[in-house]
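*Asks:* Fold the following for me, if possible:
(one chain, ligands or ions: 1)
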Amino acid sequence: MAQAATLPAPAAPGAAGPVLLNFNECPYGPAPAAQAAVRDIVPGSGRYLFALAGDVRDTFAAQEQIAPDRVRLYPGSSEPLNRAAVVWTSATAGLVVADPTFESLGDLAAARGATVERVPLRADGAHDLRAMVAAAQRINAGLLYLCNPNNPTGSITPAEDIAWLLAHKPAQTRVLVDEAYIQYSDQPSLIGQVMQRDDVIVLRTFSKLYGMAGLRLGVAAAHPDRLRELASLGDNPVPVTALAAALASLRDPGLVAQRKAQNAQVRQATVAWLGKRGFSSVPSEANCFVVDVQRDGKAFVAAMAERGVIIGRSWPIWPQRVRVTVGTEAEMEAFRAAFAAVTAKA
Ligand code: PLP
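*Replies:* Below you'll find the model as predicted:
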């Protein structure tokens, strides 16, 4: 008789193994109420449960004080990000992004033949929106990508700069605001803009603060015409397990504040520890930061991995800096020990 294959159990947060500080995941996983909701929905998951998707959309819209017809759910925010590249960039409609920033949109747009202008971040980590608007004019951009807080830096772009952008951008350039990390920061969201304008699209994800990277739920918020354009590439319902977890997370009253505070405390302690040893970081308001390791970033990442701590990578524009995800206190203790060992050697 054939034996059933046994799959390795996925590592739970805190399980033994390498310390994973490389993908900006939430080390605490889904909230307890979200985990219970997933377990409870499994017996009913033979159905599409479209009404549950409606509940998540309406609950999200109510919390953000926008109309439900401005909200569309996707299995992760990567999906609307990819769709945006397909729908709004082309050989004749370019893309303007910061450098460094989350790269998947720019990579896809470039692969499809769009001109992609990469505008270096300012020294304070903000997007250089004046230079980005000038670039948008130059290349007839269909899309300008604003990641706030930014990945990999966690740095923020001030609200007054964003107000200037919205007043001065070219009419044909849509602004795609990626707010994957907004709940970790003190910055105001731009999501309310989708009630006033038809050229601003805001993306959110449950992969970060809500700890649902493997469950997959993302949100696109925009004017209904823009949502229809994104949806024109076809439908793909969200897994009901993700919907159940998202609804429980949205209804968990203290979750955002508690995780935001926990992340800020661990991040600030780590950045301060690095600073005391002469390693500076770009100011961050997210669950990641970029530190200048004063040596080849790739080799540094490899040396950390040898000590069981997997950190993020470096970006071409900053070969001596690496991204680090903020883990639990215990994980950051392991990070500090490995960092001290690696930097003591060289
Ligand atoms: N946007 C940013 C800025 C990210 O950092 C990530 C993931 O790291 C994503 C989007 C995609 O996340 P997901 O598809 O899990 O929602």
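
*Asks:* okay, CA-based contacts and neighbour counts for the rest of this
*Replies:* Noted.

*Asks:* what distance separates the helix or strand where residue 108 lies from the middle of the whole chain?
*Replies:* Using DSSP states H and E, residue 108 maps to helix 104-111. Centre-to-centre, helix 104-111 and its host chain are 16 Å apart (CA atoms, centre = their mean, to the nearest Å).

*Asks:* and that helix, what other elements does it pack with?
*Replies:* If contacts are counted by 3 or more CA pairs under 8 Å, 6 or more residues apart in numbering; DSSP states H and E, helix 104-111 sits against helix 78-88, strand 94-99, strand 116-120.

*Asks:* List, one by one, the residues from the stretch 201-346 of the chain near the ligand.
*Replies:* By CA under 6 Å from any ligand atom, the residues of the stretch 201-346 of the chain that approach the ligand are 205, 207, 213, 218.

*Asks:* ok, now which ones touch the third one?
*Replies:* It stands for residue 213. Residue 213 makes contact with 25, 76, 206-207, according to CA atoms under 8 Å, 6 or more residues apart in numbering.

*Asks:* Look at it and tell me its secondary structure.
*Replies:* Of the three states, residue 213 takes coil according to DSSP: H, G, I helix; E, B strand; the rest coil.

*Asks:* repeat for residue 285
*Replies:* Look at residue 285: counting by three-state DSSP, its state is coil.

*Asks:* The residue nearest to it when sequence neighbours are not counted: neighbour count?
*Replies:* For residue 285, ignoring the flanking residues on the chain, the nearest one in space by CA to CA, 6 or more residues apart in numbering is residue 185 at 4.8 Å. Residue 185 is flanked by 20 other residues according to other CA atoms under 10 Å.

*Asks:* now residue 261: how far from residue 267?
*Replies:* Distance of residue 261 to residue 267, computed by CA to CA, to the nearest Å: 10 Å.

*Asks:* what's the answer for residue 132, then?
*Replies:* Distance, residue 132 to residue 267, by CA to CA: 29 Å.

*Asks:* so what's residue 16 scoring on pLDDT?
*Replies:* With respect to pLDDT, residue 16 has a value of 73.

*Asks:* still on that earlier bit, in helices, which of the residues of the stretch 201-346 of the chain next to the ligand fall?
*Replies:* Among these, DSSP state H puts none in helices.
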